[in-house]
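Enquirer: predicted model and sequence below, questions to follow.
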Amino acid sequence: MRKVRKDPAPQGHRTPPEDDRSTGTGQAPDGRRPGPMEVLRQARGQLAELTGLVPESVSSFEQTEDGWSLEVEVLELARVPDTMSLMGGYQVELDRDGQLTGYRRVRRYERGRADPRPGGR
């Protein structure tokens, strides 16, 4: 069962509140490099600020040679019923300090649709 958030702004078009634990430099307040949870929060916040869309989940996350790579699912267009809403999967790249260096939409789909299975079954 999905938890429904009560918010005055339309769903899919609000920016989450700033995380006050971040210094804005990508480093934690104590000067160390951000850990995985800090990187996830920063990535979601930066993507929301750039696109105006609210990230709903992170479907993949990995540390790379140059920083971090994530796939983030966002609500692009709310519809009724909710299963017909349009979702977008975004590939998000961040540097080692957790600063967003690029993003691109890699797929768009209806919330209620599963990815096709290999072999057509």
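Expert: Good, I have the coordinates.
Enquirer: any low-confidence regions in the protein?
Expert: Applying pLDDT under 70 to the chain picks out residues 1-31, 120-121.
Enquirer: just the helices in it please.
Expert: Secondary structure of the chain, counting by DSSP state H: helices at 36-51.
Enquirer: please enumerate the strands of it.
Expert: 55-63, 67-77, 86-95, 100-110 (DSSP state E).
Enquirer: who touches the third one?
Expert: Just to be clear, that refers to strand 86-95. 26, 39, 42-43, 47, 51, 53, 56, 59, 66-77, 79, 100-111 (C-beta atoms under 8 Å, 6 or more residues apart in numbering). Glycine gets a C-beta too; all of them are placed from N, C-alpha and C.
Enquirer: before we move on, the earlier item: possible to save the strands of the chain as CSV with mean neighbour count and distance to Arg32?
Expert: Listed next are the strands of the chain as CSV, based on neighbours: other C-beta atoms under 10 Å; distance: least, C-beta to C-beta, whole Å:
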stretch, mean neighbour count, distance to Arg32
strand 55-63, 14, 15
strand 67-77, 19, 15
strand 86-95, 18, 15
strand 100-110, 13, 19
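Enquirer: take those and write them to JSON lines, including distance to Arg33.
Expert: Shown next, in JSON lines, are these (distance: least, C-beta to C-beta, whole Å):
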{"stretch": "strand 55-63", "distance to Arg33": "11"}
{"stretch": "strand 67-77", "distance to Arg33": "10"}
{"stretch": "strand 86-95", "distance to Arg33": "10"}
{"stretch": "strand 100-110", "distance to Arg33": "15"}
